[in-house]
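J.: fold the following and give me the result.
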Amino acid sequence: QVQLVESGGGLVQPGGSLRLSCATSGFSFALYAMSWYRQAPGKERELVARISNTGTISNYADSVKGRFTISRDIAKNTVYLQMNSLKPDDTAVYYCNARGAIRGREYDYWGQGTQVTVSS
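T.: Numbering: from 1, shown residues only. Here you go, the predicted structure:
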């Protein structure tokens, strides 16, 4: 059974930091690119950051470049999102995503999301 379980969300003041974690199981973590998406109320879900299956390539939305860092620990089957200098516009539900192609078939898994609220 595939599971992606996010944690680390919460309420933080502007300028603060949070570290999100996504613990995974039930699939070959090392073969999948991992991403963080977010969705704010009334807005579409957007890609925040992505990291390749090897961890050597990462990409970020322009709005978070220089403030967020995505990383992965293959030994722990876990992906992280370090968020610094948080702004009220970062308020959203953050979702973990795993995407890969195995033997010509594409797989796409999602977590349940964790709420991040940036407010004074």
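J.: in stretch 45-65, what's buried?
T.: Using 16 or more other C-beta atoms under 10 Å as the test for burial, stretch 45-65 gives Val48, Ala49, Arg50, Ile51, Asn53, Gly55, Ser58, Tyr60, Val64. (Glycine included, C-beta is placed from N, CA and C.)
J.: would you list every one of the strands in the chain?
T.: Per DSSP state E, the chain carries strands over the ranges 3-7, 10-12, 18-25, 33-39, 46-51, 58-60, 68-73, 78-83, 92-102, 105-110, 114-118.
J.: quick revisit: export the buried residues of stretch 45-65 to JSON lines and tack on distance to Pro41?
T.: Shown next, in JSON lines, are the buried residues of stretch 45-65 (distance: C-beta to C-beta, whole Å):
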{"residue": "Val48", "distance to Pro41": "16"}
{"residue": "Ala49", "distance to Pro41": "21"}
{"residue": "Arg50", "distance to Pro41": "24"}
{"residue": "Ile51", "distance to Pro41": "27"}
{"residue": "Asn53", "distance to Pro41": "32"}
{"residue": "Gly55", "distance to Pro41": "32"}
{"residue": "Ser58", "distance to Pro41": "27"}
{"residue": "Tyr60", "distance to Pro41": "23"}
{"residue": "Val64", "distance to Pro41": "18"}
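J.: show me which of these is closest to Glu106.
T.: Asn53 (13.7 Å; C-beta to C-beta).
J.: thought that closest one was touching Tyr32?
T.: Yes - look at Asn53 against Tyr32 with C-beta atoms under 8 Å: they come within range, at 5.7 Å.
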